[in-house]
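Undergrad: would you be able to build a 3D model of this:
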Amino acid sequence: MTRQSSLASIGLTALLISWTSSPAPARPQGDPESFARQMLGTYDIDRGMRGEERLSGEALEGNVKVTKDRICLLGPDGVEQYAAEYTVDEISDETARISLKAVAVEAPEELQTESKSDVGSGTSGKALATLDGDTLTLIYVPDGDEYPDDFEPDSREQNLFVLKRRADPSK
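TA: As a prediction, the model looks like this:
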């Protein structure tokens, strides 16, 4: 073997070693504004959990409407029961980290006692969300400053909802 071919072989080997030992490129992290736009819509509640308790019946009636800056729970009659302003803080591995701030909603006249409903108004929470086609999965703590660890509620304070986007939001 000539000196030139030996050097070429050593160079090729070094290149292959450095190429195979390099870490894989990082996954794209995504754009929070793009994720927020993709969440827009009206969703039916497919299933939900509060802590380890599976929700059923009335707890799954109504729907959820996501606008550019609010997530609203609407009762079966279409009246807002709960609303929170939100911001998508970051995206990592297709999971969004979201900050929530509950806002006062106008209670239906038959439920009003003195003024507006302020259930949770002003409280701040954290959420995780994933979007897979027309399915939005959301786990949140309505009053807290730490994001949930994953999509398994580990306390009664954590709420998990799997939402299916309506094809026709007017229905």
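Undergrad: what is the neighbour count of Asp149?
TA: 10 (other CB atoms under 10 Å). C-beta here means a position set from N, CA and C on the backbone, and glycine is covered the same way.
Undergrad: low pLDDT regions in this protein?
TA: Counting by pLDDT under 70, the chain has low-confidence residues at 1-29, 107-120, 169-171.
Undergrad: any idea how far Glu106 is from the spatially most central residue of it?
TA: In the chain, the C-alpha nearest the mean C-alpha coordinate belongs to Ala129, at 1.6 Å (CA atoms, centre = their mean). Applying CB to CB, to the nearest Å, one obtains 26 Å for the distance of Ala129 from Glu106.
Undergrad: same deal with Pro153?
TA: According to CB to CB, Pro153 stands 29 Å off from Glu106.
Undergrad: with neighbour numbers in mind, choose between these two.
TA: A count of neighbours by other CB under 10 Å puts Pro153 above the other of Pro153 and Glu106, at 20 against 12.
Undergrad: tell me the secondary structure at that one.
TA: Following DSSP: H, G, I helix; E, B strand; the rest coil, Pro153 is assigned to coil.
Undergrad: what sits against it?
TA: Met49, Arg50, Gly51, Glu52, Ile139, Asn159, Leu160 (CB atoms under 8 Å, 6 or more residues apart in numbering).
Undergrad: for these, name the two members farthest from one another.
TA: Glu52 and Ile139 (13.1 Å; CB to CB).
Undergrad: who has more neighbours, these two?
TA: Counted by other CB under 10 Å, Glu52 and Ile139 do not tie: Ile139 has more neighbours, with 24 against 11.
Undergrad: now Glu33: which helix or strand?
TA: helix 32-39 (DSSP states H and E).
Undergrad: mind listing what's buried along that helix?
TA: Under the neighbour-count criterion of 16 or more other CB atoms under 10 Å, helix 32-39 has Pro32, Phe35, Ala36, Met39 buried.
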